[in-house]
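[1] Just a sequence and a predicted model for now, questions to come.
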Amino acid sequence: MKEELQITTERIDDFVVLLALMQQIELPTILDRQLPRHWLQQGLSWGWTATIWLAHIVSQGDHRKVTVRDWVRQAQRTLEQVTGLEIRETDFTDDRLTIVLRHLAQEQRWQGIEQELGEHLVRVYELEEQPIRVDATTVSGYREGGADSLWQFGHSKDDPTLRQIKAMMATFDPLALPLALEVVSGERADDPLYVPIIDRVLGCLGRTGLLLVGDCKMSALSTRAHLVAHEQYYLTPLAQVGETAELMPTWIEAGVKHGNSLIAVLSEDGKQPVAQGYELSRTCVSADLHWQERVLVVRSQAYADTQQRHLEERLAKAQEGLLALTPPVGRGKRQISEEVALVNAAEAILSRHRVTGLLTYRFERQVEQEVKLLGRGRGGANRPQQVIERVRYQITAVERQEEAIATLVSTLGWRAYASNAPQKRLSLAQAVQEYRHEYHIEQGFGRLKGVPLSIAPLFVKRDDQVVGMTHLLSLALRVLTLMEFVVRRSLKQQETTLAGLYKDNPRRVTATPTAERLLQAFVPLTLTQVQMAEQTIRHVTPLSPLQEQILGLLGLPGDLYAALAHRIPQTAFPLRE
């Protein structure tokens, strides 16, 4: 009698690494401490449910709830071996995943998770005292909205025609590790969101003397005063409104007069100048609080070139608009017959494109006469006539005022930054370089919106589910960011590089690999199990030298995958009868 074999294959790919890394940072334990478990609850805890769901999201690039159960079914044995837990596919039904999101949406529990996880990561990975960056982004979607909904119309760089939610995030340099995230309705302004998110970060780190960096929306006097009151430092460009807008021409004029005595700011390699500037000091007052603030007035050549390019674009559009006011006479071509109407329309165009005084125009009054006979009958010497005049105004020339344009160009590229950090902590050159690193937080937003997290579109409807899912994806962002940071730091310490991450160029090496490429290096890997009457044979795809090197850089055991073939689960596959 022949033995009946039962062969099963599981795709294990990169989720084994992800689960090992999340256990390394104690994510399941932290989530379990913060998410309550009912005393009658059976099956996996909420912490482990969320952790395995996160592995699915990052590995499969899909945050839909409907796909998780099928994925767990095909990887069940591997998941049990990696976690050491009994796992049922019913632990990942739509209802249970909904409960996870509901817990994550609760503000008090989420802040507890953020604080405990942040404290743990900073302590375990010995993160240096680096700047903290704060900024907001929006996520748009085709939603109905409503008075009490998170989905509202607001200022958006994505699609202003769609409703949106807003996510405020604080990250820790240099890895752009998220420390705090808050989800609010889409119409909310950024300014009032800074203080609450900053307080959560300070509560997590528990230190003074931190440097917080943000864009001009963080420059509100109340926000700066709040940081001073908590003995923290700030660096932010001043918004070009109010007092700053009035003082800026004077600061620029003083900067031009400084000439060659301006402080030069070199590129990071120290080879080329990227900016130059000077600083002044002033006293700031907010309520009963007084402090000295440094104003750094800086001219960036790249910023000046960008502004000049935009100026030329505005001049061209204004010139085109002026000439289009008075088209040639023709069918369907509306003509302007009053001088006041022409002047008002022309000045409106100059104002709209912000080129008043930079362009001038000349126009002329054109009159066309037509003789029309009155009454019936043929024309004659005594036939009454009427002379009809048609008046139109024509713009004959649009001229650039080169002297005014040149004067304006000389003032471009200037920006004022405010900071209360002492010069020993933050020189003018260091301040410029720090703000030039603002792209760090933008990379985090890009990763949140792009593959594999792909927050838009959100496949959940209720507001609490939207908040919970955004929080869950931000945990995935933390895992990806931390993975990237650990590998890059290990490569730097070992003074080595990784080769083989780029399939189109296998010989290409890098010392700064992305988490996405690191995970892709583990695809495809499979675990095959052959069940016979008296024994079970398991086989895992052998790892390549690149995969073994990545595990070593992450501080994970080299036999992480091979051990799956050695450990036979107690719940083996039953033989068919």
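    Structure received.
[2] residues touching V139, list them.
    Taking Cβ atoms under 8 Å, 6 or more residues apart in numbering, we find V139 in contact with D158, Q164, I165, K166, A167, K449, I455, A456, L458, T470. Yep, even glycine has a C-beta here, placed from its N, CA and C like the rest.
[3] tell me the mean pLDDT over stretch 92-108?
    Summarised as a single mean, pLDDT over stretch 92-108 is 95.
[4] hang on, Q529 packs against Q535?
    No: look at Q529 against Q535 with Cβ atoms under 8 Å: they stay out of range, at 11.2 Å.
[5] So if I had to pick from the two, which one is more boxed in?
    Q529 (21 against 8; other Cβ atoms under 10 Å).
[6] State whether that one is indeed within a strand.
    Yes: secondary structure of Q529 (DSSP: H, G, I helix; E, B strand; the rest coil): part of a strand.
[7] Could I get the contacting residues of it?
    By Cβ under 8 Å, 6+ apart, the contact set of Q529 is I7, T8, T9, E10, R77, T536, I537, R538, H539, F573.
[8] tell me which element the second one is part of?
    T8 is part of strand 6-11, with elements assigned from DSSP states H and E.
[9] Return the distance of that strand from the chain's centre.
    40 Å (Cα atoms, centre = their mean, to the nearest Å).
[10] what are the pairing partners of it, and which direction each?
    If you go by DSSP bridges, strand 6-11 pairs up with strand 526-531 (antiparallel).
[11] For the partner strand, buried residues please.
    Buried positions in strand 526-531, judged by neighbour count with 16 or more other Cβ atoms under 10 Å: L527, Q529, Q531.
[12] try stretch 306-326
    Buried residues in stretch 306-326, counting neighbours by 16+ other Cβ under 10 Å, are found at Q307, L311, R314, L315, A318, Q319, G321, L322, L325, T326.
[13] for the fifth one, helix, strand, or coil?
    Right, the one you point to is A318. Under three-state DSSP, A318 comes out as helix.
[14] let's number from 30 now, not from 1
    OK, 30 is where the count begins now, so the last one is A347.
[15] In contact with the nearest residue to it once chain neighbours are set aside: list those residues for me.
    Leaving aside its chain neighbours, A347 sits nearest to H382 (4.0 Å; criterion: Cβ to Cβ, 6 or more residues apart in numbering). Counting by Cβ under 8 Å, 6+ apart, H382 touches R343, L344, K346, A347, G350.
[16] quick one on the thing from earlier: okay if I get the buried residues of strand 555-560 as JSON lines plus pLDDT and distance to L572?
    Shown next, in JSON lines, are those (pLDDT from 0 to 100; distance: Cβ to Cβ, whole Å):
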{"residue": "L556", "pLDDT": "91", "distance to L572": "13"}
{"residue": "Q558", "pLDDT": "86", "distance to L572": "18"}
{"residue": "Q560", "pLDDT": "82", "distance to L572": "24"}
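[17] now those residues in JSON lines, with distance to L239?
    Listed next are those as JSON lines, based on distance: Cβ to Cβ, whole Å:
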{"residue": "L556", "distance to L239": "46"}
{"residue": "Q558", "distance to L239": "52"}
{"residue": "Q560", "distance to L239": "57"}
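[18] Show me which of the residues you listed is closest to E577.
    Closest approach between the buried residues of strand 555-560 and E577, by Cβ to Cβ: L556, at 17.2 Å.
[19] so Q423 sits in a strand?
    Yes: secondary structure of Q423 (three-state DSSP): part of a strand.
[20] Quick check: it touching Q395?
    Yes: proximity of Q423 to Q395 meets the contact threshold set by Cβ under 8 Å, at 5.5 Å.
[21] who has more neighbours, those two?
    Q423 (17 against 14).
[22] Contacts only, for the more buried one.
    Here Q423 is in contact with T355, F392, E393, Q395 (criterion: Cβ under 8 Å, 6+ apart).
[23] OK, contacts around the last one?
    What that stands for is Q395. For Q395, the contacting residues are V420, R421, Y422, Q423, by Cβ under 8 Å, 6+ apart.
[24] Would you state the helices of the stretch 230-379 of the chain in chain order?
    250-258, 271-287, 330-353, 368-381 (DSSP state H, counting those that start in this stretch).
[25] buried residues in the first one?
    Meaning helix 250-258. Quick answer for helix 250-258 (16+ other Cβ under 10 Å): T252, R253, A254, H255, L256, V257.
[26] Take those and write them to JSON lines, including pLDDT and distance to S366.
    Listed next are those as JSON lines, based on pLDDT from 0 to 100; distance: Cβ to Cβ, whole Å:
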{"residue": "T252", "pLDDT": "96", "distance to S366": "54"}
{"residue": "R253", "pLDDT": "97", "distance to S366": "55"}
{"residue": "A254", "pLDDT": "97", "distance to S366": "58"}
{"residue": "H255", "pLDDT": "97", "distance to S366": "59"}
{"residue": "L256", "pLDDT": "97", "distance to S366": "60"}
{"residue": "V257", "pLDDT": "97", "distance to S366": "61"}
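[27] Need the max-distance pair from those residues.
    The widest separation within the buried residues of helix 250-258 (Cβ to Cβ) is 9.9 Å, between T252 and V257.
[28] Show me what whatever helix or strand A196 lives in packs onto, helices and strands only.
    Secondary structure from DSSP H and E places A196 in strand 192-201. Counting contacts by 3 or more Cβ pairs under 8 Å, 6 or more residues apart in numbering; DSSP states H and E, strand 192-201 packs against strand 161-170, strand 206-214, helix 223-234, helix 468-478, helix 492-523.
[29] Make TSV from those and add distance to R311 to it.
    What follows is these, written out as TSV (distance: least, Cβ to Cβ, whole Å):
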stretch	distance to R311
strand 161-170	24
strand 206-214	31
helix 223-234	21
helix 468-478	28
helix 492-523	38
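[30] Show the residue spans covered by the helices in the stretch 30-179 of the chain.
    Going by DSSP H, counting those that start in this stretch, the stretch 30-179 of the chain shows helices at 44-53, 56-63, 75-89, 97-103, 105-112, 123-134, 136-153.
[31] and the fifth one, how far out from the chain's middle?
    Put simply, helix 105-112 sits 34 Å off its chain's centre (Cα atoms, centre = their mean).
[32] Likewise for the fourth one?
    The chain centroid and the centroid of helix 97-103 are separated by 31 Å, computed with Cα atoms, centre = their mean.
[33] do stretch 164-181 as well
    16 Å.
[34] residues of that stretch that come out buried?
    164-170, 172, 174, 178-181.
[35] Lowest pLDDT pick from those?
    When the buried residues of stretch 164-181 are compared, G174 shows the smallest pLDDT, 85.
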